[in-house]
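Student: Could you work out the structure for the sequence below:
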Amino acid sequence: KATWLVTGGEDRRVRIWKTDGSYSQAFSGHKSEVVFVNFIENKNTEYVVSASVDNEIILWDMDGNIIQKFIGHTDQITSITLSEDAASITTESFDLTTRRWMLNEPLKPILRAKDYGTDDLLFAAFSKGGDTLFTGSKDGALTYWDLDGHVLTVLEQKQGSDAAQYNALSISSDEKYFLLGSSLALKLEDTHGKIIYQERNTNIGAVAFSEDVHKFASGSQDGELKWGLVGKTKENGMTTIYKDPGGHAISSLEFAPDGNSILVGIKERHGAFVIDLEGAIINDFQASSDIRYPVVFSHDGKYIATGFKDTSAALWDSDGKFIREFADLDGDCKSLGFSPNGNQIAFGMNNAHIQIFTLDGQLYKKMQGHTAPVTSVVYGPDGKTIISSSTKGGIRLWDTSPRLPLEEFLASDQIEHLTAELKREYGID
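Tutor: Below you'll find the predicted structure:
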């Protein structure tokens, strides 16, 4: 027996109602009048699908989160049906085409913050093999997940004299250590909870490991940059290699792939810089706007990407030469990451959107689903998926392939299939 009704209207909203006539909620996301709505069920989960006058199709979950957008028709959509195997939808339009689109649930919410403590996530990342996820939150908890969203292990911080909200958390590439920085202390621990090294009375804003896990670094809220050796720091302490003259906070740190230098981003400073472990600045990336939080290397170390406060970002070569600006971001950049092959950059925004650009500055894909600023965007090892986290606890898995129809059937008897090359590119068998 049906328990829900769905409607769309000129106000660009989709609304669901109970069959007794009581109103439930409105979904906002269309940019023009909604002319088609329906329910569909996929893998025992119910969804809402809608289409608007501008020919955009949106798939929603029952909470109003956008699951997928389908763009390609050039005239009004007249019908949307689900395939028998619930793996695709077929759409018909006044443009005289019928199109089939895959449903791959790219925005599956994994973590529900209300179930697992804190709302604030600092990062999400894949394991080296890509079959496990890690998340770190401001209460210092490190959580391991499988790809279906099941919690495997939670490493929680012991509450003591240094208990505080954490500003930075990082896990080593071999998954044996993690770094935590708070307003009161810096701690290096192994994943069994044993403290390897700690400093008290220091206000940390950024932390990082080198790729070979031999070194780690911390940046403080008053602009002090230190590094140490993972196995020997307890005896030797950390080495200070930089202090910001203005006392501005270090907001982002990343070791170069060879581990011999560090990329540094500082709040309120027009640029970023690379510094060696002796404290000599190798390259300075000067910009006309304040660098925001993220500054990252590409995986091969050839490029550096930086985010600005003015809804733009920039690409540089590793020698400090400016290559191009990404001026079409639709919000302030809060996080970013290179794809494994270095051909794309994903930007996480303060407005909860994610945008993927190619290195030549072309928008490749835009993804919506988070409801709060995106604190991390990380590609999986194969480059086909992205994991992202937000300040309200949402973790989402995304498919990075472009949203194109799997097949397009023209009104005539002619059938146009994607070429074999495009099928390979989109991961279609």
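
Student: Angles on the backbone of D131, please.
Tutor: phi -100, psi 0 (degrees, to the nearest 10).

Student: looking at it, it is touching L147, isn't it?
Tutor: Yes - contact between D131 and L147 holds when scored by CB atoms under 8 Å: they sit 6.6 Å apart. The way it works is simple: take the backbone N, C-alpha and C, and place the C-beta from them, glycine included.

Student: quick one: which of those two has more around it?
Tutor: Remark: of D131 and L147, L147 carries more neighbours, 16 against 11, as counted by other CB atoms under 10 Å.

Student: you'd agree that one is up against L133?
Tutor: Yes - contact criterion CB under 8 Å: L147 and L133 qualify, at 6.9 Å.

Student: State the distance from S79 to G228.
Tutor: Between S79 and G228 the distance is 63 Å, computed by CB to CB, to the nearest Å.

Student: More neighbours: which of these two?
Tutor: Shown here are S79 and G228; by other CB under 10 Å, G228 has more neighbours (20 against 12).

Student: who's in contact with the closest residue to the more buried one other than its chain neighbours?
Tutor: Excluding its sequence neighbours, the residue lying closest to G228 (CB to CB, 6 or more residues apart in numbering) is M238, at 4.0 Å. Neighbour list for M238: 199, 218, 226-228 [criterion: CB atoms under 8 Å, 6 or more residues apart in numbering].

Student: what ranges of the stretch 101-250 of the chain fall below the confidence cut-off?
Tutor: For the stretch 101-250 of the chain, applying pLDDT under 70 flags the ranges 103-120, 148-149, 156-164, 233-236.

Student: how does it look with 50?
Tutor: Counting by pLDDT under 50, the stretch 101-250 of the chain contains low-confidence ranges at 105-118, 161.

Student: quick one: the helices in it?
Tutor: Counting by DSSP state H, counting those that start in this stretch, one finds helices in the stretch 101-250 of the chain at the ranges 233-236.

Student: Distance from the chain centre to the helix or strand containing I40, please.
Tutor: Assigned by DSSP states H and E, I40 falls within strand 34-42. Centroid separation between strand 34-42 and its chain, computed with CA atoms, centre = their mean, to the nearest Å, is 28 Å.

Student: same check, this time on stretch 212-219
Tutor: Centroid displacement of stretch 212-219 relative to its chain, using CA atoms, centre = their mean, is 23 Å.

Student: List the buried residues in that stretch.
Tutor: 213, 215-219 (16 or more other CB atoms under 10 Å).

Student: same check, this time on stretch 254-262
Tutor: Of the residues in stretch 254-262, those buried (16+ other CB under 10 Å) are 254-257, 259, 261-262.

Student: contacting residues for the most centrally placed residue in the chain?
Tutor: Per CA atoms, centre = their mean, the C-alpha nearest to the average position across the chain is that of V377, at 2.4 Å. Counting by CB under 8 Å, 6+ apart, V377 makes contact with 335-337, 346-348, 354, 386-388.

Student: export these to JSON lines and tack on distance to G21 and pLDDT?
Tutor: Output for the contacts of V377, formatted as JSON lines (distance: CB to CB, whole Å; pLDDT from 0 to 100):
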{"residue": "S335", "distance to G21": "44", "pLDDT": "89"}
{"residue": "L336", "distance to G21": "47", "pLDDT": "92"}
{"residue": "G337", "distance to G21": "47", "pLDDT": "93"}
{"residue": "A346", "distance to G21": "44", "pLDDT": "94"}
{"residue": "F347", "distance to G21": "43", "pLDDT": "93"}
{"residue": "G348", "distance to G21": "41", "pLDDT": "90"}
{"residue": "I354", "distance to G21": "38", "pLDDT": "87"}
{"residue": "I386", "distance to G21": "41", "pLDDT": "86"}
{"residue": "I387", "distance to G21": "41", "pLDDT": "85"}
{"residue": "S388", "distance to G21": "38", "pLDDT": "85"}
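
Student: so D20 sits in a strand?
Tutor: No - secondary structure of D20 (DSSP: H, G, I helix; E, B strand; the rest coil): coil, not part of a strand.

Student: List phi and psi for the residue nearest to the centre of the chain.
Tutor: Phi and psi for V377, reported as degrees, to the nearest 10, are phi -140, psi 120.

Student: mind checking pLDDT for it?
Tutor: Confidence at V377, expressed as pLDDT, is 90.

Student: partner residues bridging it?
Tutor: S388 (DSSP bridges).

Student: From D222, how far out is it?
Tutor: 28 Å.

Student: Also E10?
Tutor: 54 Å.

Student: And the residue nearest to G228, how close does it get to E199?
Tutor: Computed as CB to CB, the M238 to E199 distance reads 7 Å.

Student: I figured V230 was touching A217, is that so?
Tutor: No - between V230 and A217 there is no contact under CB under 8 Å: 11.0 Å.

Student: how would you label the spatially closest residue to G301 that is not a sequence neighbour: helix, strand or coil?
Tutor: Using CB to CB, 6+ apart and skipping residues adjacent in sequence, the residue nearest G301 is P257, 4.2 Å away. Classification of P257 using three-state DSSP returns coil.

Student: give the contact list for P257.
Tutor: So P257 contacts 211, 297, 299-301 (CB under 8 Å, 6+ apart).

Student: Next, count neighbours for F27.
Tutor: The local packing of F27 (other CB under 10 Å) involves 24 other residues.

Student: go on, the one 5 residues further on?
Tutor: Using other CB under 10 Å, S32 is surrounded by 12 other residues.

Student: Do you know the pLDDT at it?
Tutor: On the pLDDT scale, S32 is placed at 88.

Student: and it, what element?
Tutor: Going by DSSP H and E, S32 is not part of any helix or strand.
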